[in-house]
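**Student:** model this:
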Amino acid sequence: MTIEQHRKENFQTFDLGCAATLVTDNFRLVKLDKFNPKKVLFCFEHHEDINKAVENYFSGNFQVDALAFFNALKNLKNRLYST
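**Tutor:** Now for the predicted structure:
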């Protein structure tokens with residue numbers, strides 16, 4: 001699979017808050033790409049509803065359980081710093 005095919009088949013973001021929100025909403029995180037030592041690219045499996053979820057996140061219209069969000073954020077940070 002080429003890099004371009006990978007990008008078309010997955011949703012990607014550098015935004016930690018967005019990634020934590022998507023994890024909280026049960027979208028599947030498939031990869032943490034640390035190609036740039038200063039930031040991490042979160043790669044999610046493509047799903048027909050993911051673009052709408054991201055749009056709602058950035059517009060402030062996405063609601064998630066606060067404890068579930070905190071746990072997702074904590075788990076993502078653990079994954080970032082443990083490797």
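
**Student:** OK, contacts around the spatially most central residue of the chain?
**Tutor:** Nearest to the mean C-alpha position of the chain, counting by C-alpha atoms, centre = their mean, stands Ala19 at 2.7 Å. Shown in contact with Ala19 (C-beta atoms under 8 Å, 6 or more residues apart in numbering): 13, 29, 42, 44, 76. Using the backbone N, CA and C atoms, a C-beta is placed for each residue, glycine as well.

**Student:** ranges for the strands of the protein?
**Tutor:** Assigned strands in the chain, in chain order: 10-13, 29-36, 39-45 (criterion: DSSP state E).

**Student:** one step back: out of the contacts of Ala19, grab the one that's most surrounded.
**Tutor:** Phe42 (24 neighbours; other C-beta atoms under 10 Å).

**Student:** The nearest residue to Phe69 once chain neighbours are set aside: how many residues sit nearby?
**Tutor:** Closest residue to Phe69 in three dimensions, ignoring its sequence neighbours and counting by C-beta to C-beta, 6 or more residues apart in numbering: Thr24, at 4.9 Å. When neighbours are defined as other C-beta under 10 Å, Thr24 has 19 of them.

**Student:** Ala72 is in contact with Thr24, correct?
**Tutor:** Yes: if you go by C-beta atoms under 8 Å, Thr24 and Ala72 touch, sitting 4.5 Å apart.

**Student:** who touches the residue nearest to Phe69 in this structure?
**Tutor:** Contacts for Thr24 (C-beta under 8 Å, 6+ apart) come out as 64-65, 68-69, 72.

**Student:** so, if you compare those, which one comes nearest to Lys38?
**Tutor:** Ala72 (22.5 Å; C-beta to C-beta).

**Student:** What distance do you get for that closest one to Leu29?
**Tutor:** Going from Ala72 to Leu29 by C-beta to C-beta, to the nearest Å gives 9 Å.

**Student:** Ok, Tyr57 next?
**Tutor:** The gap separating Tyr57 from Leu29 is 15 Å, by C-beta to C-beta.
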